[in-house]
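> can you look at this prediction? I've put the sequence above it.
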4 protein chains.
Amino acid sequence: MTVNAGIIGATGAVGQRLIQFLDPHPDFEITALTASDASAGDTYREAAKWRISMPIPEDIAEMTVTETDPDAMPDDVDIVFSSLPSSVGEAVEPDFCEAGYVVSSNSSNGRTDPDVPLTIPEVNADHIGLLEVQRDERGWDGALVKNPNCSTITMVPPLAALDEAFGLEAVTVSTLQAVSGAGYSGVTSMEIIDNAIPHIGGEEKKMETESRKLLGAFDGAEVSWHDARVYASCNRIPTLDGHLENVWTDTEADATVADAKEACRAYSGADLPSSPDRLIHVFEEPDRPQPRLDRDRDNGMAIAVGGLQETEGGLQFNCLAHNTMRGAAGASVLNGELLLTEGYL
Amino acid sequence: MTVNAGIIGATGAVGQRLIQFLDPHPDFEITALTASDASAGDTYREAAKWRISMPIPEDIAEMTVTETDPDAMPDDVDIVFSSLPSSVGEAVEPDFCEAGYVVSSNSSNGRTDPDVPLTIPEVNADHIGLLEVQRDERGWDGALVKNPNCSTITMVPPLAALDEAFGLEAVTVSTLQAVSGAGYSGVTSMEIIDNAIPHIGGEEKKMETESRKLLGAFDGAEVSWHDARVYASCNRIPTLDGHLENVWTDTEADATVADAKEACRAYSGADLPSSPDRLIHVFEEPDRPQPRLDRDRDNGMAIAVGGLQETEGGLQFNCLAHNTMRGAAGASVLNGELLLTEGYL
Amino acid sequence: MTVNAGIIGATGAVGQRLIQFLDPHPDFEITALTASDASAGDTYREAAKWRISMPIPEDIAEMTVTETDPDAMPDDVDIVFSSLPSSVGEAVEPDFCEAGYVVSSNSSNGRTDPDVPLTIPEVNADHIGLLEVQRDERGWDGALVKNPNCSTITMVPPLAALDEAFGLEAVTVSTLQAVSGAGYSGVTSMEIIDNAIPHIGGEEKKMETESRKLLGAFDGAEVSWHDARVYASCNRIPTLDGHLENVWTDTEADATVADAKEACRAYSGADLPSSPDRLIHVFEEPDRPQPRLDRDRDNGMAIAVGGLQETEGGLQFNCLAHNTMRGAAGASVLNGELLLTEGYL
Amino acid sequence: MTVNAGIIGATGAVGQRLIQFLDPHPDFEITALTASDASAGDTYREAAKWRISMPIPEDIAEMTVTETDPDAMPDDVDIVFSSLPSSVGEAVEPDFCEAGYVVSSNSSNGRTDPDVPLTIPEVNADHIGLLEVQRDERGWDGALVKNPNCSTITMVPPLAALDEAFGLEAVTVSTLQAVSGAGYSGVTSMEIIDNAIPHIGGEEKKMETESRKLLGAFDGAEVSWHDARVYASCNRIPTLDGHLENVWTDTEADATVADAKEACRAYSGADLPSSPDRLIHVFEEPDRPQPRLDRDRDNGMAIAVGGLQETEGGLQFNCLAHNTMRGAAGASVLNGELLLTEGYL
């Protein structure tokens, strides 16, 4: 028995990845697609400029795109995956929740709201319990769950593993982010060929706040953010997919490279269809992970770690994830799978 | 009256930049070019695969390249600029010094030797005094002066300014380095298109040691290295020229952004022909400096700083320099100008 | 005595290049800048996202941008350089001409109109005489002169040289075009990194028609288009600037490589400030010209030719020009210089 | 029952693709790997710098690499796939054939020898009959079969379809070739970032001769080359994989776009494991095929055609194939499958 799924904001870079995940998915079936009003009434083939090398699935291509409005959604939709621009998400996601839809959203609005679960199922699945608080407070029949920003998702699993093993006091991170993170038209070719752009607006703040919420403890009523200091510097570089990050951590307990590798390798997977068998792949080669070579591991859902070294008081490492797979569409699908497992659908 | 200059290792990426600097130079005149034995006897045009968009100067193109040996050097050469691979530099630079040549070298061998001045004239010109120690110890008529690695040069001027203003305790740096830093054939296209490579071998160690020597104090007999902790993580990205770096510093005194900008802008220039009027250009725009837009400022000799922010206990900023101009060929030429000014030629 | 110049559409990729040409120009002085209504009232610094590595000239940066309307133009403007999108150009350029302005336009609208001179001063300066016909027919006090499309400009000078020498019967051309040809936001990074795009819409038709008009004869009343068949296939590739083109020609007379080189090298320059001393630079190296190495020759105004070979019945060669310098802004400035020389200003 | 296969020249860009094809192959089993003498004795993991995003198969990684010599080959090897540099191929391939091995080779040496079958199984499988001539003349127990150059393979299937339908008189082709075509170290990053390189040495000649041999008729004794004139201009661009080509043809019979599409779509596939169901995929979108979006279709084995237009006397179109899959490793594997089917193994 499959769950009917709608995708709101289906034509963008993440929307296309959602289709790539959901079309062959064992539990979900795509039954509704929405886009901007201008595209309403078009087939998906007409509305989307398909950019993935996998050909567009024929049945999806022929579906009619509707406007992004709960009233335009078929009644039989059980879950809505959202990859809207954050300003649009902020405006319409509450409408969908109010109308009774369970929304698994990749949009950045509301991620740090106290009653919105921000989850990576392998890391903090228990935060999903915030939905009880949310329903109490907002009076929704539906529900709103968020996944974090792609650059946050890349580093949080290894940070969580190290936090469990040694206790985190501080994190400093520098990112080398792919252009797809800004959406299909987010970075022009004239901006980025033979170039790099420091300071991606808003991204540094997201990494600093979201990671502390994700690593925080949920006591059944609220999430206490982790008190580690987090400093991020985010850079755009000329890669298509895959965010590479250099991370330094200060740890409470003395940390060795051997223990850190063990902690990463042993870190919990999740028994969900889209979660990789092993969440964190640890490289021994010092010049790995690399975006083009390592982003596609486990259908783009693995986190890769390399270059682990001890520093005075902590550890240094590099990590990488596919930003539109693990970092966006796959993250939302995983949250959808968690909602299904936990009985919210 | 001009000084006759030889270039050893003249055909590589840095050798070509040395020609770009020295051909129109008011004080130096190129009178000798060397390359590997295989090229000896060829014209420079034949020996070098010229890769700079400025056409190769005609008189240089017609010069005959000799082997890299002091015996093959014309007697009237007063200074030798070296951009040899470090293994070759280690083997032959001492021969040139023994034969009486003053060598300004970009090669990485010997940079941290106690009696070898490692200088950025605007930062630690006084270290040139180590040459007296060097001559005493090595019995050379010639002399050997080094400039640091390109990634080190990029960050040291702003670090020196901040050290003067606030006192440096720790430095963490992540680099986004251009492919030209690895030489003409150092990075293949299949390695780097749509990719980034973490951990440039040896580079991280260079940044950590060279910066502490450069920021150290010279007491007339030896250089006491600065005791700041320095951690570097070096990445190669698909840019042609210009290293961009994200830097975090812990400072002894409280540092404000306003004071830091003032310290950078006021930081000493040098009254040398190739030094820019203002050494450090501070950007107000948060998304600058960018390699392609900012590397060529002041003939590629300026250091650019942007994104200054306060952190708990310190400052965060980005910096950029043209790696084969300011970071290599221009650095050696500046050292040559310092040697001339200080009477070593 | 300088001529006051306005730039309409001053903030785009070509507009910025116009400023780069006109700011230091001996004969023109920029006194007005226009952009879209949304930017009217802003300083140029605010309105333009400056993308050239040369810093924006300070006096230009502080100028106030007005809307693109002849009524908003200061009275003392003598010539207007236009780099508007063609739909806007079509709507407003006639208004400027009617209001008495002489317009040198890079916009594609109207290029093949019978009474609009389409000129490359070194190739068909005499076509400027069409302005008499234009004024008669349109009753304008002003005038409208066009330069061709960047991909057309690249090949027409060598084609004109070969036509003079051997007579052209047919031309087949395949282009490798830089992203700047589509304007600042024309090609997204996700479209072009690790990719190439065939069939640039409209471009092939422009090359086929414009080249025949440029190579045509003007008899004082009208231009008879050249009757050579022209087939073009236009491709976008991941280069920033510089269009490279592979050309095959059928010629009436037998053509030798030696004669073709001589014809190209001897082909007329023009005695205008922005025209290079030698219009066509012929390379002997078979792997030249290359965009990055050769686009900047003579301030980006030279045409480069290489790879000349004989075929059965004709010749094959490669050519290259800087598309936003020689192919757009520089082309408009050259036409402005021609208008000045010919007494139209 | 599987056929034991050796790969000579197994560590390069094409060698790695051969492993990608042969490791999961239903009929072949990799039992021997060779490389340069320097790597002999190493495991494949040590000897090869694995560059494919698919992880290296574990069993292959642990195999020991031997030197490239028939005496070092295990006796049970039935077929040898060769991706050696042509100079090495020329020296050692005859030794393997003499020693009784059947060699399916991607190396360029000997492709136009009269007694060497040069085959694309879907196009000219009957040419394999040349092996009888070869064995008679050379006295080999083994055999040598070649596949053409990657740029040739891309255009020959549509040319063969059009030749069947309309008769070919002349072909003009301009290529936009990916860097992987030059091997792992063939194109440096400094050569190709923000650049394109015309005239790939030797490539143009290969396209002109190989295509005429492939399209020629085999009468049981020799291949009569097709008499169409073929002119090629080959360019390297900054793409990783996938050669895009602009082609113009003159045809004997009048050709319409509709008939040409039909001819391409209907063109014979081959009933071999690695051949796609439909050999030629015809796009209706004018801006397709594009390398990154279309190179991976049918496991990288499809040929894509787009932009079909009529010209005076012929047709114009674009085509694309994955150069290291369909154009190299996959081409050799297809020839191996043909040899198996035809009873040569």
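Here it is on my side, so go on. Numbering: from 1, shown residues only, chains lettered A, B, ... in the order given.
> is residue A:305 in contact with residue A:317, as I believe?
Yes: with contacts counted by Cβ atoms under 8 Å, residue A:305 reaches residue A:317, the gap being 5.7 Å. C-beta here means a position set from N, CA and C on the backbone, and glycine is covered the same way.
> overlap in contacts of those two?
Taking Cβ atoms under 8 Å, 6 or more residues apart in numbering or on different chains as the contact rule, residue A:305 and residue A:317 both touch residue A:158.
> of these two, which one has the most company?
For residue A:305 versus residue A:317, the count of surrounding residues by other Cβ atoms under 10 Å in any protein chain shown is larger for residue A:305: 29 against 26.
> does that one count as helix, strand or coil?
Following DSSP: H, G, I helix; E, B strand; the rest coil, residue A:305 is assigned to strand.
> give the contact list for it.
A:158, A:264, A:280, A:281, A:282, A:283, A:289, A:317, A:318, A:319.
> in helices, which of those residues appear?
The helices, defined by DSSP state H, take in A:158, A:264 from the contacts of residue A:305.
> got a markdown table for the contacts of residue A:305, with pLDDT and distance to chain B too?
Shown next, in a markdown table, are these (pLDDT from 0 to 100; distance: Cβ to the nearest Cβ, whole Å):
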| residue | pLDDT | distance to chain B |
| --- | --- | --- |
| A:158 | 98 | 14 |
| A:264 | 98 | 16 |
| A:280 | 98 | 16 |
| A:281 | 97 | 15 |
| A:282 | 98 | 14 |
| A:283 | 97 | 10 |
| A:289 | 98 | 7 |
| A:317 | 98 | 9 |
| A:318 | 98 | 5 |
| A:319 | 98 | 10 |
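> between the contacts of residue A:305, which is closest to residue D:168?
residue A:289 (48.6 Å; Cβ to Cβ).
> my guess is that closest one meets residue A:302, correct?
No: if you go by Cβ under 8 Å, residue A:289 and residue A:302 don't touch, sitting 9.4 Å apart.
> pull up the overlap in contacts between those two.
Here residue A:289 and residue A:302 share the contacting residues residue A:281, scored by Cβ under 8 Å, 6+ apart.
> per-residue pLDDT, the residue nearest to residue A:45 when sequence neighbours are not counted?
Spatial nearest neighbour of residue A:45, excluding adjacent residues (Cβ to Cβ, 6 or more residues apart in numbering or on different chains): residue A:61 at 4.0 Å. Here, the pLDDT recorded for residue A:61 equals 96.
> list phi and psi for whichever residue of the stretch 51-200 of chain A sits closest to chain B.
Closest residue of the stretch 51-200 of chain A to chain B, Cβ to the nearest Cβ: residue A:174 (3.3 Å). Per-residue torsions, residue A:174: phi -120, psi 130 (degrees, to the nearest 10).
> the residue lying closest to it once chain neighbours are set aside: how many residues sit nearby?
Leaving aside its sequence neighbours, residue A:174 sits nearest to residue B:174 (Cβ to Cβ, 6+ apart; 3.3 Å). Using other Cβ under 10 Å, residue B:174 has 28 neighbouring residues.
> who does residue B:174 form a beta bridge with?
residue B:233, residue B:246 (DSSP bridges).
> which residues are in contact with it?
Residue B:174 makes contacts with A:174, A:233, A:246, B:232, B:233, B:234, B:235, B:245, B:246, as judged by Cβ under 8 Å, 6+ apart.
> what does residue A:119 give?
Contacts of residue A:119 (Cβ under 8 Å, 6+ apart): A:125, A:127, A:128, A:145, A:146, A:147, A:214, A:335, A:338.
> residue A:330 versus that one, what's the distance?
Separation of residue A:119 from residue A:330 (Cβ to Cβ, to the nearest Å): 13 Å.
> what's the answer for residue A:147, then?
Distance from residue A:147 to residue A:330, by Cβ to Cβ: 9 Å.
> got the buried residues for the helix or strand hosting residue A:89?
Element membership for residue A:89 (DSSP states H and E) is helix A:86-98. Of all the residues in helix A:86-98, those buried under the rule 16 or more other Cβ atoms under 10 Å in any protein chain shown are A:86, A:88, A:89, A:92, A:93, A:94, A:96, A:97.
> likewise for stretch A:247-266?
Residues of stretch A:247-266 classed as buried by neighbour count (16+ other Cβ under 10 Å): A:247, A:248, A:249, A:250, A:251, A:255, A:260, A:261, A:263, A:264.
> let's have these in JSON lines, adding distance to chain C.
What follows is the buried residues of stretch A:247-266, written out as JSON lines (distance: Cβ to the nearest Cβ, whole Å):
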{"residue": "A:247", "distance to chain C": "26"}
{"residue": "A:248", "distance to chain C": "29"}
{"residue": "A:249", "distance to chain C": "32"}
{"residue": "A:250", "distance to chain C": "36"}
{"residue": "A:251", "distance to chain C": "37"}
{"residue": "A:255", "distance to chain C": "37"}
{"residue": "A:260", "distance to chain C": "34"}
{"residue": "A:261", "distance to chain C": "32"}
{"residue": "A:263", "distance to chain C": "36"}
{"residue": "A:264", "distance to chain C": "30"}
